[in-house]
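Peer 1: I would like the atomic coordinates for the input below:
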Amino acid sequence: LRNNDYHEIEKRLPMRRVKDPAKQYCSSRFDRVFWAGDLNYRCLNNRAVADTLLRDNNVEPLLNNEQLIQQMRLGKVFDGYQEAEIKFRPTYKFDVGTNTYDTSEKLRVPSWTDRILWKPNPHIECMKYDSTPSIRTSDHKPVYAVFKVIALKEDEEARRKRLNEVKGSAACVIQ
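Peer 2: Prediction:
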């Protein structure tokens, strides 16, 4: 379901239509693309195992069983995108107002549902990727990234040609 959501969003974003089938996805028409938001992928672990791993500050096994990472490796979603190394604890599901993972009947497995991905480009560098556990107003902890993005100035003739071919901007952020 989550993979289908990604593909549908890419195909249905309200951008100008293009005839080139290689550019059917909105993001393929831009050279600097970022996806940010609650992508809703989960860790495929048992809650008791996850709690033990988190107590021991051992997130590697959780990341090895994380749906988005697995689906990206299989080329099923976000093909060609990258994500900075995750060095923070899972950002979902918390009891609101606390730093305590879900204590409801469902006892959801802590997961990294909120993510920031980008299409690799020599002019994009991720300087920091982290969460903010001190914010407790939601069942999610906010995730943020700091990027160094170089915007190149193009000459007027190249710009006209690109705009005639692409019919739009050369940057895209999807959230």
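Peer 1: and stretch 123-137, how far out from the chain's middle?
Peer 2: 12 Å (C-alpha atoms, centre = their mean, to the nearest Å).
Peer 1: show me what counts as buried in it.
Peer 2: In terms of neighbour count (16 or more other C-beta atoms under 10 Å), stretch 123-137 has its buried residues at 124, 126, 129, 131. Where you see a C-beta, it was placed from the backbone N, CA and C, and this is true even at glycine.
Peer 1: so which of these sit within strands?
Peer 2: 124, 126, 129, 131 (DSSP state E).
Peer 1: so for those, which is the shakiest by pLDDT?
Peer 2: Ranked by pLDDT, those bottom out at Ile124, which has 94.
Peer 1: which residues touch it?
Peer 2: If a contact means C-beta atoms under 8 Å, 6 or more residues apart in numbering, then Ile124 has 32, 118, 147-150 as its contacts.
Peer 1: again, 10 Å this time
Peer 2: Counting by C-beta atoms under 10 Å, 6 or more residues apart in numbering, Ile124 makes contact with 31-34, 82, 118, 147-150.
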